[in-house]
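Novice: this one's sequence-less:
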């Protein structure tokens, strides 16, 4: 059953007479049509009988080419989309219970809906949609593999670009240039390339720091392919690393591999986090692993589930998420290793294939 | 008075005992600290006595370096930020009226706040913040001029890159590469380069269409500089344009220049839109100008005010917005010309200086 049909079945079960969706990722998930309307209203209105899209005039023609949408209503900038909304669903009768995505809908629009339908009650469909989206189909996983393949290619380009004195920002520029030439339209997030102890800030921003021999280089990047994201982190050594850096790397690698090997249907997200965290903690660096182990991904690079301490969600076949332990020591280094993967009956099928063993690149003066 | 002090004065006037802000752009506007927390909670809690930031542990050190924030509370991924929130404001006493940004706050978080403060009433501060943000300071305008200067440079790079057979996506790659080399960390939005009639879709996506002599090329792009955005559109001719294209261009140019020349304090946003729209309509192409004339910009590339038909907001000194009329004819061409500008007592001061007269570039085989 396709996602929209499954969702309509859920609506009937829950006696939802209307669902209002304005999260562009959800609209794309249910219909195939993706558009970022910025501050304009782009809303999918689902009733038992029809699936209507309210869309800025600019996107009307494009939206009409999607079969899953029964009716497309374009509105001009000077028109009030809420008035058109009311009109377009009026003929479908009364709505007692209206479904909303409560993790995306903003208060102003919620109040608009409440004033359009003063007698209706509202119910969140967030949890149901999360549970639908979290299990990827074979088709989605194939697309995500291709996105991962392009991320491997981006890592290769980045490693090739390293030379003494190049800046973090220049390496970012080379990677994104080569990706765009390969047809990539969008990176999953701002490409991160951090040298030496600059990588100790796990959310650091690439700048004009120049590369020196003996430094580690942290790459964290991904691309969007056919609407789906990839996300990978590798930390490589530019020239011979110190014994201390090698030791830290081997701890993170062991944590990453152990958690990834533990992936199987039935284990909980919290148990996966613990598998990695225990190794880092027993090595004496528990305080330097300052974030969760991972996050789900799909159309969005951060989705449900959260792979974090204490999360009791059981892992299921078809879930896709990251495993990305790290150690960050201010003034010394930041090391993170990340694969994203799909869960199969047999365990983890990673989307990225770049080796996780420590790569020592030759120094290029 | 700095924005935070002005906002606190407003809170006192409105007897708001607490304001909850989780829009990263607003947090940056009020404190200088910017971070995109993705799905994590990043919240500014303002009371009469203190300004507290609740921040993911990863960002704690960075946040502490901002003087406007009195107290920074970092939370780990396994901790519940809402429990910490409740604790951190508990000692400040009872809260009767809590301010929220109703155009940003999502329903789930709104319900969280309601359950933490069951006796409080909630009031939107969106409109006040919009009115504060819409008038840019001299310092903000200087930064936006620099962002505009970089956008001019990006246009120059893009025009230089044009040659017969190059694809739209390749031109995008060259532009973004050169911008990153200049230290630009982020474009304001996905760079748009569209050839010939492909530009007739005003929100088209660059692809592998190859450039041919005699086609128009539409560039719509901008960069983020020190947290502020730029946005510019130029449509140039690659080789000699047909008389029809020249005619269409001259209509759009006349509309753009007329509206820009009409900018002055006191005119309404709707009157500016009408000034441009009238020229296009009288030339017989009114149905082909399918969007509003412009939009405000600042930290975000689309902000208040909306420069659209019927909008009665009076233009004031210090407002910054785009003037971007266009004509889009399927199968023929899409032409748009856009400057963003600051309103001064004397009229419009545009951020971009690239000529708006039709540029005819030599064909490079």
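Specialist: Sure thing, it's come through. A quick note: this is a predicted structure, and the numbers were derived from the prediction, not measured. Residues are numbered from 1 along each chain as shown, chains lettered A, B, ... in the order given.
Novice: tell me which helix or strand of chain A sits lowest on mean pLDDT?
Specialist: helix A:81-90 (a mean of 81; mean pLDDT, DSSP states H and E).
Novice: near chain B, which residues of the stretch 151-300 of chain A show up?
Specialist: Counting by CB under 8 Å from any CB of the partner chain, the positions of the stretch 151-300 of chain A adjacent to chain B are A:169-170, A:172-174, A:176-177, A:180-181, A:183, A:185-186, A:190, A:201-203, A:205-206, A:208, A:290-292, A:295. All C-beta atoms are positioned from the backbone trio N, CA, C, and that covers glycine.
Novice: which ones among those residues are found in strands?
Specialist: residue A:295 (DSSP state E).
Novice: Which is the succeeding secondary structure element to the helix or strand residue A:30 falls within?
Specialist: Using DSSP states H and E, residue A:30 falls within helix A:24-31. Sequence-wise, the next helix or strand downstream of helix A:24-31 (DSSP H and E) is strand A:43-46.
Novice: just how off-centre is that next one within its chain?
Specialist: Chain-centre distance of strand A:43-46: 23 Å, with CA atoms, centre = their mean, to the nearest Å.
Novice: doesn't residue A:341 fall inside a strand?
Specialist: Yes. Using DSSP: H, G, I helix; E, B strand; the rest coil, the assignment for residue A:341 is a strand.
Novice: so how far is residue A:256 from it?
Specialist: Computed as CB to CB, to the nearest Å, the residue A:341 to residue A:256 distance reads 11 Å.
Novice: what's the overlap in contacts for the two?
Specialist: residue A:323 (CB atoms under 8 Å, 6 or more residues apart in numbering or on different chains).
Novice: Tell me where the stretch 151-300 of chain A has helices.
Specialist: A:168-181, A:243-262, A:269-282 (DSSP state H, counting those that start in this stretch).
Novice: tell me the most buried of those helices?
Specialist: Sort the helices of the stretch 151-300 of chain A by mean neighbour count, taking mean count of other CB atoms under 10 Å in any protein chain shown, and helix A:168-181 sits at the top with a mean of 23.
Novice: For that one, the averaged confidence score.
Specialist: Mean per-residue pLDDT for helix A:168-181: 94.
Novice: how about low-confidence regions in chain A?
Specialist: Within chain A, the set of residues satisfying pLDDT under 70 comprises A:90-93, A:202-203.
Novice: How is it partitioned into domains?
Specialist: A:3-134, A:138-361 (the TED database).
Novice: Mean neighbour count, those domains: which tops it?
Specialist: domain A:138-361 (a mean of 20).
Novice: The least confident helix or strand of chain A close to chain B?
Specialist: No. Under the criterion of CB under 8 Å from any CB, helix A:81-90 makes no contact with chain B; the nearest approach is 12.7 Å.
Novice: on contacts alone, who are the packing partners of that helix?
Specialist: Packing partners of helix A:81-90 (3 or more CB pairs under 8 Å, 6 or more residues apart in numbering or on different chains; DSSP states H and E): strand A:43-46, strand A:51-56, strand A:71-75, helix A:107-116.
Novice: Against which helices or strands is the helix or strand just after it packed?
Specialist: Moving toward the C-terminus from helix A:81-90, the next helix or strand (DSSP H and E) is strand A:97-100. Counting contacts by 3+ CB pairs under 8 Å, 6+ apart, strand A:97-100 is packed against strand A:18-21, helix A:107-116, strand A:121-124.
Novice: Look up phi and psi at the closest residue to residue A:126 other than its chain neighbours.
Specialist: Spatial nearest neighbour of residue A:126, excluding adjacent residues (CB to CB, 6 or more residues apart in numbering or on different chains): residue A:103 at 4.7 Å. Backbone torsions of residue A:103, given as degrees, to the nearest 10, read phi -90, psi 0.
Novice: Many thanks, have a good one.
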